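[1] Dropping the sequence and predicted coords here.
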Amino acid sequence: MSARRLDRLGPTFTAARAREGGIGSNALARLRESGLIWELSRGVYRKSDAPLTMHVDLLAACTRVPHGVLCLETALTVHDLTDELPGEVNLAVPRGGPLPRITYPPVRVHRFAGATFEEGLEIREVAPGEHVRIYSPARSVVDCMRLRHRVGDEVALRALRFSLRRRGTTSGELLRFARVLDVEGPVKQAIQVMLA
């Protein structure tokens, strides 16, 4: 019975969503013990026959915090704007709200201003039929420039260089986000140096 109800859930789901679908905590435990599902994070499960993805940690974090947005080094990695793999998922939440606590996967939560929180927000498929909220390549680069003290000058400048070399991201788009996020001066100066 639980296996049939499981078919109605998406590949990644929460315990709350399972309860809504008629699968209680005891049934979830049996499904996990039988190998039909595995636990990604506290209260977040994935079907064992779900399509493979290298972004399981991102799905776990975004399922736990559905209003969060992937940002900084995590977004750079998804957008292929860095060679480095972050050791934790970087997730932005609006200032003023509760700060989520996630022990696994490792997540670093950043509070971003509510007035600009939705700027550059995109929805990206990271597994067949599964999507996450993530900042655009240009927004991610500008955020790294803005928060160089957290991510490091080298990471921020390398991401800026990568973005200027690839198609799809223009210096005009970078400067637009820099104006919105109040870091136009440093971003403009870095762009001028790189394009000189």
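    Structure received. No experiment lies behind these values; they were computed from the predicted model shown. Residues are numbered from 1 along each chain as shown.

[2] Domain boundaries for the chain, per the record?
    According to automatic domain parsing, the chain comprises the domains 2-47, 56-195.

[3] What's opposite L91 in the beta bridge?
    Counting by DSSP bridges, L91 forms beta bridges with L70, V109.

[4] what about it, how many neighbours?
    With neighbours defined by other CB atoms under 10 Å, the count for L91 comes to 27. Bear in mind the C-beta positions are built from the backbone N, C-alpha and C, glycine included.

[5] need the contact list for it.
    61-62, 65, 68-71, 74, 100, 107-110 (CB atoms under 8 Å, 6 or more residues apart in numbering).

[6] before we move on, what about T12?
    Counting by CB under 8 Å, 6+ apart, T12 touches 40, 44-47, 50, 59-60, 63, 127, 130.

[7] redo that, cut-off 10 Å
    Going by CB atoms under 10 Å, 6 or more residues apart in numbering, T12 touches 37, 40, 44-47, 50, 53, 56, 59-60, 62-63, 127, 129-130.

[8] Please identify the buried residues of stretch 46-62?
    Of the residues in stretch 46-62, 46-47, 50, 53, 55-62 count as buried by neighbour count, 16 or more other CB atoms under 10 Å.

[9] Out of those, list just those in helices.
    Taking DSSP state H, the ones among the buried residues of stretch 46-62 that sit in helices are 56-62.

[10] Quick one: those as JSON lines, columns for distance to T14 too.
    Below are those laid out as JSON lines (distance: CB to CB, whole Å):
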{"residue": "V56", "distance to T14": "15"}
{"residue": "D57", "distance to T14": "16"}
{"residue": "L58", "distance to T14": "15"}
{"residue": "L59", "distance to T14": "11"}
{"residue": "A60", "distance to T14": "10"}
{"residue": "A61", "distance to T14": "13"}
{"residue": "C62", "distance to T14": "11"}
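
[11] now the residues you listed as CSV including pLDDT and distance to G10?
    Formatted as CSV, these follow (pLDDT from 0 to 100; distance: CB to CB, whole Å):
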residue, pLDDT, distance to G10
V56, 95, 14
D57, 96, 17
L58, 96, 15
L59, 96, 10
A60, 95, 13
A61, 96, 16
C62, 96, 13
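
[12] quick one: which of the residues you listed is nearest to L160?
    Using CB to CB, L58 comes nearest to L160 of those, at 23.1 Å.

[13] Which residue lies nearest the spatial centre of this protein?
    The centre of the chain sits closest to L70, judged by CA atoms, centre = their mean, with a distance of 2.4 Å.

[14] Would you map the helices across the protein?
    Using DSSP H, the helices found in the chain span residues 2-7, 15-20, 25-33, 56-64, 72-78, 137-146, 148-151, 153-165, 171-180, 184-195.

[15] Against R165, how distant is H131?
    According to CB to CB, to the nearest Å, H131 stands 27 Å off from R165.

[16] Please say which of these two ends up with more neighbours.
    H131 (13 against 10).

[17] from memory that one sits against T53, does it?
    No. Look at H131 against T53 with CB atoms under 10 Å: they stay out of range, at 11.7 Å.

[18] Nothing else from me, thank you.
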